[in-house]
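Visitor: Got a predicted model here, sequence first, then my questions.
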Amino acid sequence: MTTTTAQPVVLITGALTGIGRATALAFARDGASIVVSGRRDDVGAALVRELKELGAQAEYINSDVRHDDSVRNLVDQTVARFGRIDIAVNNAGTEGQPGPVVEQTAESYHATFDTNVLGVLLSMKHELRVMQAQGKGSIVNISSAYGVVGAAGASVYAASKFAVEGLTKSAALEVTGSGVRVNTVAPGPIETGMLSRFTGGSAEGMAYMAGSVPMGRVGRVEEIAQAVVFIGSDKASYITGQSFGVDGGRTAL
């Protein structure tokens, strides 16, 4: 059953942990209606309960962004539930297999690119199908500072985020004039499970990451979420095709 709402309808992929989860909570506090997606039904159901406690209308839909039919179903179910999609946040991602270039394989490449690049491509494909028909919408892809400056030991991950940057700019130019905006938020090192896995969970690894940032610390997921909320909103109505570094000055080096 379709429910119409005066509040923005927000779809978030990779919403169950880290930046995606913080973004869902931030939009809920702003009064948005939210669809969160991921692949763990118990975690999704728990997040929906939390969002509803904040007063938001919320739904969880199981989806795998690596598969076209799954993404199509996610978008169609969102429209069936809420009637439209105003803001889409494409956050699903993986760090892949860290290590030098000489240790990478075709398998590690595909495992990273299928989620980080193909997932964004398929998500935008179906989101734009809906948004262009509406004549309005905003897409925010989550990239990385490493997609701007590169990173030793994270070559495939960095390459996938370079690709997200290029996809974003190309899509933005394709839909200019349609009422749809497409932008990227590129976080620096952020205190997430992904960063913990990348550093091996060691205090030394985290200290190294903090030391690589001019502000002298890693970021918080809430800091990224607030940037996403702004870029996705009508307050950023004249902004499209841009990459916003939220990285403590990392890309200014």
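Guide: Great, that's in hand.

Visitor: Quick one: mean pLDDT for stretch 240-253?
Guide: Here stretch 240-253 scores 92 as its mean pLDDT.

Visitor: Between the two ends of it, what distance do you get?
Guide: One end of stretch 240-253 to the other measures 25 Å (C-alpha to C-alpha, to the nearest Å).

Visitor: can you pull out the strands in this structure?
Guide: Counting by DSSP state E, the chain has strands at residues 9-13, 33-38, 58-62, 87-90, 137-142, 180-187, 243-246.

Visitor: For the residue with the largest distance to the centre of the chain, give its distance to residue 200.
Guide: When each C-alpha in the chain is compared with the mean C-alpha position (C-alpha atoms, centre = their mean), residue 102 comes out farthest, at 28.9 Å. Distance, residue 102 to residue 200, using C-beta to C-beta, to the nearest Å: 20 Å. Using the backbone N, CA and C atoms, a C-beta is placed for each residue, glycine as well.

Visitor: At the geometric centre of this structure, which residue do we find?
Guide: Most central in the chain (C-alpha atoms, centre = their mean) works out to residue 91, at 2.0 Å.

Visitor: residues contacting that one?
Guide: With contacts defined as C-beta atoms under 8 Å, 6 or more residues apart in numbering, residue 91 is in contact with 12, 13, 14, 15, 19, 20, 23, 142.

Visitor: Name the residues of the worst-scoring helix or strand of the chain on mean pLDDT that are buried.
Guide: Least confident helix or strand of the chain, by mean pLDDT, DSSP states H and E, is helix 193-198 with a mean of 76. By 16 or more other C-beta atoms under 10 Å, the buried positions in helix 193-198 come out as 194, 195, 198.
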